[in-house]
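Colleague: Based on what follows, work out the 3D shape:
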Amino acid sequence: KAKIEVALAEVGLSGVDIIVADVADPESMTKMAAQTEVLINCTGPYRFYGEPTVKACVGSGTHYVDITGEPEFMERSELLFHRDAVDKGIFVVSGCGFDSVPA
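Modeller: Residues are numbered from 1 along each chain as shown. Reported below is the predicted structural model:
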């Protein structure tokens, strides 16, 4: 958290709220997801760290977007979370970013 505070201060954004969450701690993930309307996940590899984030978002009714290009993660997320996301009226969108663009 201290490193993030320093980086934010360097670009003139001191005082910004920082939310600390750990994929190994579902409660912290749910608390994080519940504090926003849309969560943008840029942390991979998604096959290791993505599912807890999607789960927390869907459970909290929070839209989810990531930049993955990992087909296994994308397909698994759809299988596990699509129905609940539809029922809650939220979007789970993968592949929105540089990693997903073919070279």
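
Colleague: Let me see the ranges of the helices in this protein.
Modeller: Listed in chain order, the helices of the chain (DSSP state H) span 2-10, 26-33, 46-60, 71-88.

Colleague: contacting residues around residue 21?
Modeller: Residue 21 sits next to 28-29, 31-32 when contact means C-beta atoms under 8 Å, 6 or more residues apart in numbering. Placement of C-beta: from N, CA and C, glycine included.

Colleague: Tell me which two in those are the farthest apart.
Modeller: 29 and 31 (7.3 Å; C-beta to C-beta).

Colleague: who's more crowded, these two?
Modeller: The neighbour comparison of residue 29 against residue 31 (other C-beta atoms under 10 Å) goes to residue 29, with 22 against 15.

Colleague: Can you add distance to residue 18 and mean pLDDT and give the helices of the chain back as a markdown table?
Modeller: Listed next are the helices of the chain as a markdown table, based on distance: least, C-beta to C-beta, whole Å; pLDDT from 0 to 100:
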| stretch | distance to residue 18 | mean pLDDT |
| --- | --- | --- |
| helix 2-10 | 6 | 92 |
| helix 26-33 | 11 | 97 |
| helix 46-60 | 17 | 96 |
| helix 71-88 | 26 | 97 |
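
Colleague: Tell me which of the ones you listed sits most buried.
Modeller: helix 46-60 (a mean of 20; mean count of other C-beta atoms under 10 Å).

Colleague: so how far is it off the chain centroid?
Modeller: Centroid separation for helix 46-60 versus its chain: 7 Å, with C-alpha atoms, centre = their mean, to the nearest Å.

Colleague: packing partners for that helix?
Modeller: For helix 46-60, the packing partners by 3 or more C-beta pairs under 8 Å, 6 or more residues apart in numbering; DSSP states H and E come out as helix 26-33, strand 38-41, strand 63-66, helix 71-88, strand 92-93.

Colleague: and residue 47, which of the ones you listed is closest to it?
Modeller: helix 71-88 (4.9 Å).

Colleague: Pull the residues that contact the closest one.
Modeller: With C-beta under 8 Å, 6+ apart, helix 71-88 has contacts from 46-47, 50-51, 54-55, 58-59, 61, 68, 91-92, 94-95.

Colleague: Sounds good, over and out.
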